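Engineer: Prediction below, plus the sequence it came from.
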Amino acid sequence: FIYPYVEQANQMAVRLESRRSETDQEEEPHATPFATTMFVDYTHLLNHDVDLCEAVEAEMVRFDPFLRQAVQQFMLQLHPSLDRDATTVYFVALHNVPHQLAVRDLKTDSVGRLVAVSGTVTRTSDVRPELLVATFSCNKCGLLAENVQQQYHYTYPTICRNPRCQNRSNAEFALEIRSSEFVDWQKLRVQENSDEIPPG
């Protein structure tokens, strides 16, 4: 089952290299949507390792960073030349998940789990940047606080790592935009499919 992913990794690498060469020529880069997302068929994963599938399905939020890291290592094994661009963030999109929920069946116990939803998209927002991993500088001493994971809201460092500073004030930390990681984010409004709406 590795073959389709090798082919997809090759296509991703070609897109990244072409985007990089366009940027080097100081032209307007033509970004390809999902150029850094690897689409993995869930049934392939299920045939390979049932225990891993159950764990990923139960706690997708916990496994997501490790899946992204695995895709990055996979890409670098196939294309070592991509190592020079350490800012590229890779993602995993799982499809063909066997358990599909209707919008009506989404409950709070689904938060953090891997779920497939069946519905109709009625509205989309513009694509906006979302802060994924932040780097802050302390305004008191100038020390950088790197790799601050953003957890669904804007998260500051809890304390400055400089033992002489010990800054705890959120107002005294400034976001370093160039050193932080952003991803595209889009809001979708989904409603039930017409055939899933109960009568009445």
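Structural biologist: Yes, it's here. Numbers count the residues shown, from 1 in each chain.

Engineer: mind listing what the lengthiest strand in the chain pairs with, with the direction of each?
Structural biologist: Counting residues, the longest strand in the chain under DSSP state E turns out to be strand 128-138. When sheet partners are counted by DSSP bridges, strand 128-138 sits next to strand 144-149 (antiparallel), strand 173-175 (antiparallel), strand 181-185 (antiparallel).

Engineer: mind listing what's buried in the shortest one?
Structural biologist: Just to be clear, that refers to strand 173-175. Buried residues in strand 173-175, defined by neighbour count with 16 or more other Cβ atoms under 10 Å: Phe173. C-beta: built from backbone N, CA, C; applies to glycine.

Engineer: Can you list the low-confidence ranges for the chain?
Structural biologist: Applying pLDDT under 70 to the chain flags residues 1-35, 84-87, 200.

Engineer: 50 instead?
Structural biologist: For the chain, residues meeting the criterion pLDDT under 50 lie at 1, 24-34.

Engineer: can you map out the helices along it?
Structural biologist: Ranges of helices in the chain, per DSSP state H, are 3-24, 42-48, 50-58, 60-78.

Engineer: looking at the strands paired with strand 128-138, which is closest to Asn96?
Structural biologist: When the strands paired with strand 128-138 are ranked by distance to Asn96, counting by Cβ to Cβ, first place goes to strand 181-185 at 23.4 Å.

Engineer: And the contacts of the closest one?
Structural biologist: Outside of strand 181-185, the residues within contact range by Cβ atoms under 8 Å, 6 or more residues apart in numbering are Thr87, Val89, Phe91, Val127, Arg128, Pro129, Glu130, Leu131, Leu132, Val133, Ala134.

Engineer: now swap in stretch 155-162 and tell me
Structural biologist: Taking contacts as Cβ under 8 Å, 6+ apart, the residues outside stretch 155-162 that touch it are 134, 136, 138, 140-141, 143, 145, 148-149, 166-168, 170, 173.

Engineer: buried stuff in that stretch?
Structural biologist: Buried residues in stretch 155-162, counted by 16+ other Cβ under 10 Å: Tyr156, Pro157, Cys160.

Engineer: now stretch 56-64
Structural biologist: Neighbour-count burial for stretch 56-64, with 16+ other Cβ under 10 Å as criterion, is recorded at Val56, Glu57, Met60, Phe63.

Engineer: what does stretch 159-172 give?
Structural biologist: Applying a neighbour-count criterion of 16+ other Cβ under 10 Å, the buried positions in stretch 159-172 are Cys160, Cys165, Asn167, Glu172.

Engineer: so how far does it reach from one end to the other?
Structural biologist: With Cα to Cα, to the nearest Å applied, stretch 159-172 spans 10 Å between its terminal residues.
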